[in-house]
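# 3D, please:
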Amino acid sequence: MPPIREEKSGYAAIGDAAPDFLLKTDNDKDWRLSDHNDSVTVLLFYPQNETLVCTRQLCSVRDNWEQYLETKATVVGVSPGTPDGHRKFSERLHLPITLLADPDRVVTRLYAKHWLYPISLTRAVTVIDSNGIIRNRDIMLRAFRPSDAHLIADIYAARGDELHQTYDALRSRAEDAIRK
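Now for the predicted structure:
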């Protein structure tokens, strides 16, 4: 089943500035979204540690980690639970990504809420560009998981938007210099 895409839901939507948040990592450290504004950031929202589809999703990210590294994006998993529970899950699976604890699902509701389905029935991916703008939101029923190829393409698309903005700014400066 393809991801359920939505543009506006009353929550953080594509084209919106990404609201900042602070969560605890699997190493019990603070992780703030705004500390990662220098790169594309990917938030992988998954329902729970130690479940079949969530384990497959995060193991797939692990198995394709070299391709994710090539994108130069910051990729993190977000799920309810505790930092200690996330640490044990991550260590058992040898996950290369940071897992963030969102025990009350406040961040999940903000970034991964679908207008129809409750968050307990879904998983989601949110891609934020280096300017802090949400470029993609894919929400799917929890029985499905995003493909790595699709997610990597979304990361490169967000980086492409950034390159177009840089090009447009440089072109504008060059045109201004010619006019003077």
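# Return the backbone torsion pair for P19.
phi -60, psi 140 (degrees, to the nearest 10).
# Make sure it is actually in contact with A12.
Yes. Shown here, P19 and A12 form a contact pair, counting by C-beta atoms under 8 Å, at 5.8 Å. (Glycine included, C-beta is placed from N, CA and C.)
# anything in contact with each of those two?
Between them, P19 and A12 share these contacting residues under C-beta atoms under 8 Å, 6 or more residues apart in numbering: L110.
# more crowded one of those two?
A direct count of neighbours by other C-beta atoms under 10 Å for P19 and A12 places A12 higher, at 20 against 14.
# For the more buried one, give its distance to R135.
12 Å (C-beta to C-beta, to the nearest Å).
# What of P19?
From P19 to R135 the distance is 15 Å (C-beta to C-beta).
# so is P47 in a helix, a strand, or just coil?
Per DSSP: H, G, I helix; E, B strand; the rest coil, the local secondary structure of P47 is coil.
# next one: V42
strand.
# Poorly predicted segments of this protein, please.
Residues of the chain meeting the criterion pLDDT under 70: 1-10, 142-143, 161-175, 177.
# And the helices in it, which stretches?
Applying DSSP state H to the chain gives helices spanning 52-63, 65-71, 83-93, 106-112, 148-179.
# ok, and what's touching the third one?
Residues outside helix 83-93 that contact it (C-beta under 8 Å, 6+ apart): 24-28, 49-50, 55, 58-59, 62, 77, 79, 95, 97, 99-101.
# switch the cut-off to 6 Å
Helix 83-93 has contacts (C-beta atoms under 6 Å, 6 or more residues apart in numbering) with K24, D26, D28, N49, C59, L99, A101.
# swap in the first one?
Contact with helix 52-63 is made by Y46, Q48, L93, L95, P96, R145, D148, as judged by C-beta under 6 Å, 6+ apart.
# Let me know the closest of those residues to T108.
Comparing those against T108 with C-beta to C-beta picks out Y46 as the nearest, at 9.6 Å.
# That closest one - nearest residue in space that isn't next to it in sequence?
C54 (4.4 Å; C-beta to C-beta, 6 or more residues apart in numbering).
# number of nearby residues for the one you found?
If you count neighbours by other C-beta under 10 Å, C54 ends up with 20.
# any idea how far it is from Y117?
Relative to Y117, C54 is positioned 17 Å away (C-beta to C-beta).
# ok, so what distance separates L151 from S120?
According to C-beta to C-beta, L151 and S120 sit 22 Å apart.
# higher neighbour count, the two?
Higher neighbour count among L151 and S120: L151, with 25 against 11, using other C-beta under 10 Å.
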